[in-house]
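> using only what follows, build the 3D model:
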Amino acid sequence: MVQDFKMYCGSAAYDSAWVATIQFIGVLIGAITYGHLGDHFGRKPVSFVGISIGITFGVASGFAPTWQVFAAFRFIVGTSIASILIVFYAYILEFIEPEQRVFLRSFFNWGYARLVFTLACFICGYWRSAAIVTSLLSLPILPILLILPESPKWYATKKRFREMKNAEKRVAWLSGIPYDTDEKILESENSEKSEKDTKIYTMRDLFTSWPIAYRTIVVGSLWFSTSLSAFGSDLNSGNLAGNFYLSQFVSGGVTAFAKIFVFLLDTYVPSFDRRRLHQYPQIAMIICYAAIMALMILPESDCNSQGSRDLAIIIINIIGVSFIEITWDACYLVAVECFPTKIRTIGIGTCSLLARTGALLAPQMAYLSDIYRPIPYAIVCSIGIFSLLISCFFLPDTKGVDLAALDPTVELDYNRRKSVTENIGIQRRLTGAVTVAPRATIGEDA
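Numbering: from 1, shown residues only. Have a look, this model is predicted:
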C-alpha cells in the first residue's frame with residue numbers, strides 16, 4: 001500500500017500511520033452504536049448486519065483507487081469489527097456455560113486467527129488481494145448465524161418468554177439434548193410481569209447505581225490500558241529487525257500455545273481466578289518490555305553483536321505480545337461476567353470505547369520509535385504498572401458467575417481470602433441465583 005500510494009517520506013509517510021488510526025476511529029464509533037443496537041434489537045440481527053458490512057467493505061478496500069478511499073472503507077470495516085468484539089462475542093457467551101468461557105477464549109482466539117491471516121497475506125503477497133481474501137474468510141459465519149436462534153437471555157430481559165422458549169428448544173435441538181420445560185417460565189407468560197420490556201437502555205444506565213458504575217470504571221480502565229499496550233507494541237513490531245511474516249507467525253503460534261495453559265490452569269486449579277488471569281500475564285509483560293528497553297539502551301559493545309541483540313529483542317517482544325493477549329482474556333471475561341444482560345453489550349461497548357481511545361494513540365506511539373527506539377516500550381511498561389495496580393486493588397473476581405442471575409444493585413465485592421467456590425456461593429446468595437441451571441434452560445436475567 002505504501003508503494004502503490006507513494007507514502008514514502010515526509011507528510012505522506014505520516015499519512016500511513018493515520019490510515020490505521022482512522023480504522024481505530026471506526027471501531028470507536030462502532031463501539032458506541034453497536035452496543036446500543038445489540039441491547040435494543042437483539043444480538044443475532046445486529047451481529048449479522050455488522051459482519052456483512054465488514055465483509056463487503058473489506059473486499060471493497062482491496063479495490064480502493066486512493067489511500068483516502070482505502071481509509072474510508074477501513075473506517076467502515078472498523079465499525080464492523082466493533083460489532084464482532086461486542087455484540088457477537090456477548091451473543092456467543094450467552095449460549096455457553098460458565099466453565100466453557102475460558103475454553104472458548106483458549107481455543108478460539110486471536111493467536112489462531114493471526115496464524116491464518118499471516119499465512120493468507122504471505123500467500124497473497126500483495127496487499128489488495130490480501131485485503132480481499134482476509135475479508136472473505138469471515139463469510140462462513142453468515143450461514144451459521146442463520147441457523148442459530150436469538151439469545152434466550154436477551155429474550156428473557158425483554159420479557160418475550162414465548163420466543164425465549166422457542167430459542168431454548170432450538171439450542172437444545174442443535175446440542176442434541178432434551179429440552180427441560182421450566183414451569184416457572186411458563187407461568188410467567190400469563191403473569192403481569194410478563195409484559196414486554198420496552199425501555200431503551202443507554203450508556204447512562206451504567207452509572208445509575210454505584211455497583212454498576214464501579215464495575216464500569218474499573219473494567220474500562222483495564223480495557224484502555226490493555227488496548228494501548230497491545231496495539232502499541234504490536235504496531236511497533238514492524239519497526240523491529242527480522243522477517244515480518246515470520247515474527248507474526250511465531251507470535252500467533254506462541255499466543256495460541258500459551259492459551260492452552262490458561263485453559264488448563266482455569267480448569268484444574270480452582271484458585272486461578274480472573275484476577276490472577278489478569279495480574280500474572282501483566283507482570284510478565286512488564287518484565288519483558290523492561291528487558292527490551294535495557295537491550296536497546298545498552299551500547300553495542302556490551303553485546304556480542306548487533307544481530308544477537310536484535311534477535312533477543314524480537315524473541316522477548318513476541319513473548320510480551322503473547323502475555324498481553326492473555327491479559328485480553330481477563331478483560332473480556334470480566335466485562336461479560338459483571339454486566340447484566342439488559343446492559344451487557346452497552347457495558348462491553350463502553351469498555352471497548354475506552355479501549356479504542358487507547359488504540360487511537362497506538363499508531364502515534366509506534367511513530368515515536370523513529371525519535372528514540374525505547375520510547376514505545378517505556379510507555380507500555382508505565383501503562384502496565386498502572387493497570388496492574390488497578391487490578392490488585394479494585395478488580396473483582398467474577399469466575400463462575402451465573403450470567404442469568406447478575407443483579408445490577410449488588411456489588412461484586414469478593415473476599416480474596418475465600419476460595420473461588422465460596423465466593424461464587426456468596427454471589428449467588430446475594431443475587432438469589434440457583435445453584436445449577438438446566439443445561440438447555442436459560443433463566444431470566446435480573
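> show me what contacts Ser387?
Ser387 sits next to Ser221, Leu222, Ser225, Thr226, Ser229, Gln282, Thr327 when contact means CB atoms under 8 Å, 6 or more residues apart in numbering. For glycine as for every other residue, the C-beta is placed from the backbone atoms N, C-alpha and C.
> what about the fifth one, neighbour count?
It stands for Ser229. Neighbourhood size, Ser229 [other CB atoms under 10 Å]: 32.
> give me the element the residue nearest to it when sequence neighbours are not counted is part of.
Using CB to CB, 6 or more residues apart in numbering and skipping the chain neighbours, the partner closest in space to Ser229 is Val380 (4.8 Å). Using DSSP states H and E, Val380 sits in helix 375-394.
> following the helix or strand harbouring Asp310, which helix or strand shows up next?
Per DSSP H and E: Asp310 is located in helix 306-338. Later in the chain than helix 306-338, the nearest helix or strand by DSSP H and E is helix 344-367.
> buried ones in that next one, by neighbour count?
344-367 (16 or more other CB atoms under 10 Å).
> then stretch 307-324?
309-310, 313-324.
> relative to Ile84, which of these is nearest.
Comparing these against Ile84 with CB to CB places Ile324 closest, at 19.4 Å.
> confirm for me that that closest one is in contact with Leu228.
No. Counting by CB atoms under 8 Å, Ile324 does not reach Leu228; the two are 10.3 Å apart.
> anything in contact with each of the two?
In contact with both Ile324 and Leu228: no residue, using CB under 8 Å, 6+ apart.
> what are the ranges of the helices in the stretch 151-300 of the chain?
Remark: helices assigned in the stretch 151-300 of the chain by DSSP state H, counting those that start in this stretch are 152-157, 161-175, 183-188, 210-236, 244-268, 274-297.
> reformat those as a markdown table; add distance to Leu93.
Converted to a markdown table, the helices of the stretch 151-300 of the chain look like this (distance: least, CB to CB, whole Å):
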| stretch | distance to Leu93 |
| --- | --- |
| helix 152-157 | 10 |
| helix 161-175 | 14 |
| helix 183-188 | 21 |
| helix 210-236 | 15 |
| helix 244-268 | 15 |
| helix 274-297 | 14 |
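> out of those helices, which comes closest to Phe103?
Comparing the helices of the stretch 151-300 of the chain against Phe103 with CB to CB, the closest turns out to be helix 244-268 (5.9 Å).
> who touches the closest one?
With CB under 8 Å, 6+ apart, helix 244-268 has contacts from 99, 102-103, 105-107, 109-115, 118-119, 121-122, 237-238, 240, 272, 277, 314, 317-319, 321-323, 325-326, 329, 399.
> filter those down to the buried ones.
For those, a burial check counting by 16+ other CB under 10 Å picks out 102, 105-106, 109-111, 114-115, 118, 121, 237, 240, 272, 277, 314, 317-319, 321-323, 325-326, 329, 399.
> separation between the nearest residue to Cys338 once chain neighbours are set aside and Asp397?
The shortest distance from Cys338 to any non-neighbouring residue, by CB to CB, 6+ apart, is to Arg215 (4.5 Å). Distance of Arg215 to Asp397, computed by CB to CB, to the nearest Å: 12 Å.
> low-confidence ranges, the protein, go.
Filtered on pLDDT under 70, the chain yields the residue ranges 1-3, 5-15, 17, 181-198, 235-242, 300-306, 366, 404-446.
> please redo it, this time with the cut-off set to 50
184, 187-194, 413-446 (pLDDT under 50).
> sorry, back to before: more neighbours: Arg215 and Asp397, which one.
With neighbours defined as other CB under 10 Å, Arg215 and Asp397 compare such that Arg215 has more, 27 against 23.
> quick check: the more buried one touching Phe339?
Yes. At 6.9 Å, Arg215 counts as touching Phe339 under the criterion of CB under 8 Å.
> same question for Arg373, what's its three-state structure.
Using DSSP: H, G, I helix; E, B strand; the rest coil, the structure places Arg373 in coil.
> can you tell me the closest non-neighbouring residue to it?
Leaving aside its chain neighbours, Arg373 sits nearest to Met296 (5.0 Å; criterion: CB to CB, 6+ apart).
> distance of the one you found from Arg275?
Distance, Met296 to Arg275, by CB to CB: 32 Å.
> kindly report the same for Glu168.
In this view, Glu168 and Arg275 are 33 Å apart by CB to CB.
> the more surrounded of the two?
Glu168 (23 against 19).
> give me the neighbour count for the spatially closest residue to that one that is not a sequence neighbour.
Among residues not flanking Glu168 along the chain, Pro152 sits closest, at 4.9 Å (CB to CB, 6+ apart). By other CB under 10 Å, 28 other residues sit near Pro152.
> just the one 4 residues further on next, same as before
The tally of other residues near Ala156 (other CB under 10 Å) stands at 26.
> Thr226 now?
By the measure other CB under 10 Å, the count of residues near Thr226 is 26.
> what's the spacing between it and Gly35?
Distance of Thr226 to Gly35, given as CB to CB: 18 Å.
> pull out the buried residues from the helix or strand hosting Leu146.
Assessed by DSSP H and E, Leu146 sits inside helix 141-147. Across helix 141-147, burial judged by 16+ other CB under 10 Å covers Leu145.
> pull the distance from that helix to the chain's centre.
Centroid separation for helix 141-147 versus its chain: 21 Å, with CA atoms, centre = their mean, to the nearest Å.
> could I get the CA-only coordinates of it as PDB?
Extracted C-alpha coordinates of helix 141-147, given in PDB (Å, rounded to 0.1, in the frame of the first residue of the first chain):
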ATOM      1  CA  ILE A 141     -20.100 -17.100   9.700                       C
ATOM      2  CA  LEU A 142     -23.200 -15.700   8.000                       C
ATOM      3  CA  PRO A 143     -25.000 -19.100   7.200                       C
ATOM      4  CA  ILE A 144     -24.100 -20.300  10.700                       C
ATOM      5  CA  LEU A 145     -25.900 -17.200  12.100                       C
ATOM      6  CA  LEU A 146     -29.000 -18.100  10.100                       C
ATOM      7  CA  ILE A 147     -29.100 -21.500  11.800                       C
END
